[in-house]
Each structure stands twice: as C-alpha cells, then as structure tokens.
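*Asks:* need coordinates for the following:
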Amino acid sequence: MMTAGQLRAARALLSVDQKTLAELSGVSLPTIQRMEASDGVVRGTVETLTKVIEALNRAGVDLIGEDTKSDSGGRGVRLRQSARP
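*Replies:* So this is what the prediction gives:
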C-alpha cells in the first residue's frame with residue numbers, strides 16, 4: 001500500500017511533476033492527481049497502483065511500508081540512486 005503523502009514525496013525526490021509521473025507510469029494525469037489528493041492510503045485499481053509503483057521503482061524510489069524495519073518506524077520513501085528519469 002502507498003499513501004498520498006508517499007506519492008507526493010517520491011515525486012519530490014525525483015524532481016518530476018505529475019504529468020511526467022503519469023507519462024512514466026502509463027496512467028492518466030487526472031489519475032495521478034486523484035491519487036495524490038486522496039486521504040491516507042491511495043485507492044485505485046491494482047493495475048494502476050502497480051504501474052505507478054513500478055515507475056517509481058524504475059526511477060530509483062523505494063516505498064517504505066508501515067511495518068518495514070527502520071530506525072524510527074512509520075511510512076516513508078527512499079531514493080536508491082541519484083539518477084533522474
């Protein structure tokens with residue numbers, strides 16, 4: 001699962017706008033906008049969520065889940081590499 005905050009943070013780490021993320025993931029711009037405007041966990045079809053998460057992963061972003069081991073707990077994002085899309 002991914003939260004709207006994680007999605008916005010991931011985009012910020014990559015320095016891409018919503019339109020670019022839509023193009024990278026193969027989903028529409030309005031879909032990205034709806035996902036980011038949602039409260040809490042992002043909702044969407046499994047196919048759409050998979051496309052967005054895979055695009056973020058290809059660009060070097062790891063989503064950190066609620067139960068993933070980290071020093072301080074909680075959700076987040078991590079940039080694996082400095083390459084930009």
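*Asks:* going forward, measure contacts and count neighbours with C-alpha atoms only.
*Replies:* Fine.
*Asks:* mean confidence for stretch 64-81?
*Replies:* Mean per-residue pLDDT for stretch 64-81: 66.
*Asks:* state the distance from the most centrally placed residue in the chain to residue 50.
*Replies:* Geometric centre of the chain, nearest residue: residue 7, 3.5 Å, by CA atoms, centre = their mean. The gap separating residue 7 from residue 50 is 13 Å, by CA to CA, to the nearest Å.
*Asks:* cool, residue 36 as well?
*Replies:* For residue 36, the distance to residue 50 - CA to CA - is 15 Å.
*Asks:* which of these two has more neighbours?
*Replies:* Set side by side, residue 36 and residue 50 show more neighbours around residue 36, with 20 against 13, by other CA atoms under 10 Å.
*Asks:* in this structure that one contacts residue 42, no?
*Replies:* Yes. Taking CA atoms under 8 Å as the definition, residue 36 is a contact partner of residue 42 at 7.4 Å.
*Asks:* intersection of neighbour lists for the two?
*Replies:* Common contacts of residue 36 and residue 42, defined by CA atoms under 8 Å, 6 or more residues apart in numbering, comprise residue 4.
*Asks:* give me the helices and strands touching the longest helix along the chain, please.
*Replies:* Ranked by residue count under DSSP state H, the longest helix found in the chain is helix 46-58. On a contact count with 3 or more CA pairs under 8 Å, 6 or more residues apart in numbering; DSSP states H and E, helix 46-58 meets helix 18-25.
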